[in-house]
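Asks: Test case, fold it:
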Amino acid sequence: MAGILFIISAPSGSGKSTLVGELRKQVTNVDFSISWTTRPPRGSEENGREYHFTSREEFERMRDAGLFLEYAEVFGNYYGTSRLSLEDARRQGHDLLLDIDVQGAAQVRRSMPEAVSIFVMPPTPKVLRTRLRNRSRAEGVVNESELYRRLSEASKEIENYRDYGYILVNDILDRTVAQLEAIVLAERYYRNGEPIAFRSSRVLEVAAACRQTNSQDRLKPVLEAFGIGGSNGQQQLPFGDDLDED
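Replies: Now for the predicted structure:
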């Protein structure tokens with residue numbers, strides 16, 4: 001079986017890591033590429049579990065040696081995906097899931113246009129702000145200026161949704177996990193002829209409904225909530241009064 005490369009992107013705080021963790025509990029032979037980063041660990045994060053933490057100098061050495069499939073600088077820190085992750089997954093015939101930002105995803109799509117790209121959106125700025133604040137509190141630090149910056153950045157990232165093949169709105173976790181699972185199973189079916197053992201027609205229907213081209217009605221209120229509108233999807237007013245609520 002030829003491994004499929006899945007790209008998943010989302011604004012910080014959208015629940016992407018939780019979705020990936022739940023997917024890997026339910027679907028076998030999906031490897032997860034642990035990214036390299038120059039940012040310091042947060043809270044209970046451990047080296048080699050959430051990220052490979054390294055210095056800026058070492059990251060730049062690896063970058064210059066061509067060891068990254070993609071890399072980007074986000075909020076002043078480098079993030080990158082090692083080429084070795086893809087090679088290992090392919091050798092085992094496993095799929096590989098990349099958790100990367102919109103910059104890195106664009107790099108991968110240019111070099112590997114066959115990759116399956118998935119964008120995860122929070123349902124509203126208010127929900128995203130609450131998730132970000134709760135995460136900051138769990139880490140012991142709530143920085144309102146940093147919170148506002150991440151909310152503003154989220155709106156800019158969401159503008160890139162048209163570059164992705166599938167769109168998920170993470171409003172109800174169990175449903176979003178089921179949609180992500182359906183996408184993986186459907187792509188295996190179409191690309192590798194892998195049978196879907198249970199309720200195959202329903203799985204294919206769920207995946208098809210998540211295609212970006214079939215998601216416009218579902219996405220419209222989300223885009224409007226983030227101030228993204230117009231025929232070209234330009235950002236308008238970012239968050240309205242949401243930031244003033246606690």
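Asks: Do a quick rundown of the helices in the chain.
Replies: Under the criterion DSSP state H, helices of the chain are mapped to 16-26, 56-64, 83-92, 102-111, 125-138, 144-158, 173-192, 200-209, 216-225.
Asks: For residue 44, which of those helices is the nearest?
Replies: Across these, residue 44 has its closest neighbour in helix 125-138 (9.0 Å, Cβ to Cβ). Every residue, glycine included, has its C-beta placed from N, CA and C.
Asks: Return the per-residue confidence for the closest residue to residue 7 other than its chain neighbours.
Replies: The shortest distance from residue 7 to any non-neighbouring residue, by Cβ to Cβ, 6 or more residues apart in numbering, is to residue 117 (4.4 Å). Each residue has a pLDDT score; the one for residue 117 is 98.
Asks: Share the number of residues neighbouring residue 117, please.
Replies: Neighbourhood size, residue 117 [other Cβ atoms under 10 Å]: 22.
Asks: Surely it and residue 165 touch.
Replies: Yes - using Cβ atoms under 8 Å, residue 117 makes contact with residue 165 at a distance of 5.0 Å.
Asks: wait, what's in contact with the closest residue to residue 40 other than its chain neighbours?
Replies: Computed as Cβ to Cβ, 6+ apart, the closest residue to residue 40 that is not its neighbour in sequence is residue 53, at 7.1 Å. Going by Cβ atoms under 8 Å, 6 or more residues apart in numbering, residue 53 touches 36, 37, 38, 39, 40, 41, 47.
Asks: per-residue pLDDT, the closest residue to residue 108 other than its chain neighbours?
Replies: Once flanking residues are discounted, residue 108 sits nearest to residue 70: 5.1 Å by Cβ to Cβ, 6+ apart. Residue 70 is assigned a pLDDT of 93 by the prediction.
Asks: quick one: residue 70 and residue 99 touch, right?
Replies: No - assessed by Cβ under 8 Å, residue 70 is found out of contact with residue 99, at 11.6 Å.
Asks: Kindly state the beta-bridge partners for the residue nearest to residue 108.
Replies: Here residue 70 sits in beta bridges with residue 81, going by DSSP bridges.
Asks: tell me the pLDDT at the spatially closest residue to residue 72 that is not a sequence neighbour?
Replies: Leaving aside its chain neighbours, residue 72 sits nearest to residue 103 (3.7 Å; criterion: Cβ to Cβ, 6+ apart). Per-residue pLDDT puts residue 103 at 89.
Asks: what does the one 10 residues further on give?
Replies: Per-residue confidence for residue 113 comes out at a pLDDT of 94.
Asks: count of neighbours near residue 213?
Replies: 10.
Asks: what's the answer for residue 220, then?
Replies: Residue 220 sits with 12 neighbouring residues when counted by other Cβ under 10 Å.
Asks: Over to residue 209?
Replies: Using other Cβ under 10 Å, residue 209 has 13 neighbouring residues.
Asks: I'd say it and residue 215 touch.
Replies: Yes - judged on Cβ under 8 Å, residue 209 makes contact with residue 215 at a distance of 7.5 Å.
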